[in-house]
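> predicted model follows, preceded by the sequence.
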Amino acid sequence: MMNDEERYERGRLKMLEERKKNPFSLNQLQFSSIKPPALEEEIEALQNYIGHPLPELYKEICRHFHGGKPQLKCFEDAEGRLVKIGSFYSVVNAKEKGYNIWKVIKNFSQELGRDCLPFAGDSLGLSTFYLKWVNEKVQVWRLLYGELAYEFSDYDDDDENEEEGYYFHVLVNESFDAFLESLYAVEK
């Protein structure tokens with residue numbers, strides 16, 4: 001019986017072989033739970049807020065796979081652990097009720113700052129994936145919180161920040177497009 005790492009590697013190699021025949025497209029991620037498309041003015045408002053051009057594939061997600069959950073959602077982090085993305089945040093009018101990208105921005109504004117845009121949560125609800133503009137290029141980062149942040153860091157139990165919550169930032173990929181292409185299905 002194969003463990004998760006072996007299944008991941010087997011699926012990754014199979015996917016790489018298949019990709020030689022077909023260039024990457026978002027529908028290969030097989031999204032489910034798709035909501036009605038984000039309006040162009042909602043996407044524009046988000047872009048104006050962040051002050052940077054949004055990646056084209058992110059805009060395509062907002063238009064065609066809005067708020068969706070990719071079925072192909074596993075990737076390997078820098079430490080070799082498998083990580084699962086949950087769903088992309090809904091891009092809606094900032095005043096709309098419910099859990100959406102604007103609520104996430106508000107919740108993590110202090111930890112992320114103005115040059116970062118959260119775009120998806122993980123499948124466990126213990127981290128958020130965000131875009132960070134560095135030298136006019138967009139990178140994908142992961143903000144871990146709660147127990148997951150303590151697990152990833154060299155947290156000292158005597159740290160006085162414990163009451164405020166603890167956050168840990170991890171670089172996931174140097175490119176949003178490459179990040180999306182790195183989402184693989186783990187064979188069952």
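Received, thanks. Numbering: from 1, shown residues only.

> could you pull out the helices for the protein?
Counting by DSSP state H, the segments of the chain that form helices are 4-19, 40-50, 56-64, 101-112, 147-152, 176-181.

> report the buried residues of the third one.
Using 16 or more other Cβ atoms under 10 Å as the burial criterion, the residues of helix 56-64 that qualify are 57-59, 61-62. (C-beta placed from N, C-alpha, C; glycine too.)

> pipe the helices of the chain into a markdown table and attach distance to Val134 per row.
Conversion of the helices of the chain to a markdown table gives the following (distance: least, Cβ to Cβ, whole Å):
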| stretch | distance to Val134 |
| --- | --- |
| helix 4-19 | 27 |
| helix 40-50 | 14 |
| helix 56-64 | 16 |
| helix 101-112 | 13 |
| helix 147-152 | 21 |
| helix 176-181 | 12 |
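
> which pair of the buried residues of helix 56-64 spans the longest distance?
Greatest spacing in the buried residues of helix 56-64, by Cβ to Cβ: Leu57 and Cys62 (9.9 Å).

> quick check, central residue of this structure?
Phe129 (3.5 Å; Cα atoms, centre = their mean).

> surely that residue meets Trp141?
Yes: the criterion here is Cβ atoms under 8 Å, and Phe129 meets it with Trp141 at 7.3 Å.

> overlap of the contact sets of the two?
Taking Cβ atoms under 8 Å, 6 or more residues apart in numbering as the criterion, Phe129 and Trp141 both touch Val172.

> using TSV, please lay out the buried residues of helix 56-64 together with pLDDT and distance to Asn135.
Formatted as TSV, the buried residues of helix 56-64 follow (pLDDT from 0 to 100; distance: Cβ to Cβ, whole Å):
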residue	pLDDT	distance to Asn135
Leu57	92	20
Tyr58	93	19
Lys59	95	21
Ile61	92	24
Cys62	92	25
